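> Just to be clear, the model below is a prediction. Sequence and coordinates:
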Amino acid sequence: MTDFLDRYRLDGDVAVVTGGGRGIGAGIAKAFAAVGAAVVVAARRSDEIEAVAREINESGGRALAVTTDVTNLSALENLAGSAVEHFGALTVWVNNAGGSPMRMPSEELPREEWHRTIALNLTAVYEGSLVARRFMDRGAIINITSGAGTGPVPGSAHYGAAKAGVNSLTWTLAAEFAPEIRVNAVAPGAIPTEVMLEAVGKTEDQLDELLEEWKIPLGRLGTPDDIAACCVYLASDASSWVSGEIIRVGGGARPR
């Protein structure tokens, strides 16, 4: 049994997690470190990623904070290079940075928000994956997508279109990068992060309302740890025959 459980360990792996300073990204970074990976935590807010890296290091793990704007190709290349320079390799890349705080009818959406959303949620995933591939001999790329990419979500045409693109990239890159690199995606359900609450117009005091509106069969909202657990699986040898898949982690609720 011990040998089987070892398949979920990430000892010897070096993982980059974008958007790693808060919410789901911070949860993924901490979970990777807990199962043995060295972690490079990336985001634009230096104070947040430094706090996550410090927590990991103080807990006995290994982490490095690298301030990164994922919409800047040079910054992505620096991020990958920093991982290799500091930890000697790059084996896991998580495209987590993303989101859009705006929710409104398509006819009212500012063109600038369309371009910003596509750049952050789709182009950055594309460029990040290509950069990661150049630095990786083997390993896994994990894209954080959304149920908004698989069906209509009125008010989120821009975000949904970007995430539909992420789904397509996941399938295509899984085929192109095989067999050395596996590429999968995770679609979180209702995780009450700051960005999500802003997008749906809720506050921390309205979580019960959010739970009721989403009609989640398992009876609770999700947590970053729920998503992190799936990412550990997809990064580990336990999923060595899994690629090109989009896994929904949403408590049984339909995507929205």
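Arrived safely, thanks for sending.
> Next up, the contacts around L64.
L64 makes contacts with 38-41, 53, 82-83, 86-87, as judged by C-beta atoms under 8 Å, 6 or more residues apart in numbering. For the C-beta atoms, the positions are set from N, CA and C on the backbone; glycine is no exception.
> was I right about E194 contacting R22?
Yes: between E194 and R22 there is a contact under C-beta atoms under 8 Å: 6.8 Å.
> Neighbour count: these two, which is higher?
R22 (18 against 12; other C-beta atoms under 10 Å).
> Show me what counts as buried in stretch 170-187.
170-171, 173-174, 177, 181-187 (16 or more other C-beta atoms under 10 Å).
> can you tell me which helix in this protein is longest?
helix 157-177 (DSSP state H).
> Can you name every helix or strand that that one contacts?
helix 111-118, helix 124-135, strand 139-144, strand 181-188 (3 or more C-beta pairs under 8 Å, 6 or more residues apart in numbering; DSSP states H and E).
> What are the contacting residues of that helix?
95, 98-100, 102, 106, 109, 113-114, 117-118, 120-122, 125-126, 129, 133, 141, 143, 145-146, 148-150, 152-153, 182-185, 199, 243-246.
> Average pLDDT for it, rounded please.
The average pLDDT for helix 157-177 rounds to 98.
> re the thing from before, JSON lines please, covering the contacts of L64 and showing distance to H158.
Output for the contacts of L64, formatted as JSON lines (distance: C-beta to C-beta, whole Å):
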{"residue": "A38", "distance to H158": "35"}
{"residue": "V39", "distance to H158": "31"}
{"residue": "V40", "distance to H158": "29"}
{"residue": "V41", "distance to H158": "27"}
{"residue": "A53", "distance to H158": "32"}
{"residue": "S82", "distance to H158": "31"}
{"residue": "A83", "distance to H158": "31"}
{"residue": "H86", "distance to H158": "36"}
{"residue": "F87", "distance to H158": "36"}
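> Only the buried members of those: can you turn that into a ChimeraX selection?
To isolate the buried members of the contacts of L64 in ChimeraX, using 16+ other C-beta under 10 Å:
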select :38,39,40,41,53,82,83,87
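> So which of the contacts of L64 sit within helices?
Reading helices off those with DSSP H, I get 53, 82-83, 86-87.
> Out of the buried residues of stretch 170-187, which comes closest to A33?
V186 (18.2 Å; C-beta to C-beta).
> Would you point out which residue is most central in the chain?
N96 (2.5 Å; C-alpha atoms, centre = their mean).
> where do the strands sit along this structure?
Here the chain has its strands, by DSSP state E, at 14-18, 38-43, 62-67, 92-95, 139-144, 181-188, 246-249.
> In the third one, which residues are buried?
Buried residues in strand 62-67, counted by 16+ other C-beta under 10 Å: 62-67.
> what does stretch 132-145 give?
Buried, per 16+ other C-beta under 10 Å, within stretch 132-145: 132-133, 135-136, 139-145.
> And the furthest pair within those residues?
Going by C-beta to C-beta, the pair spanning those furthest: F135 and T145, at 22.6 Å.
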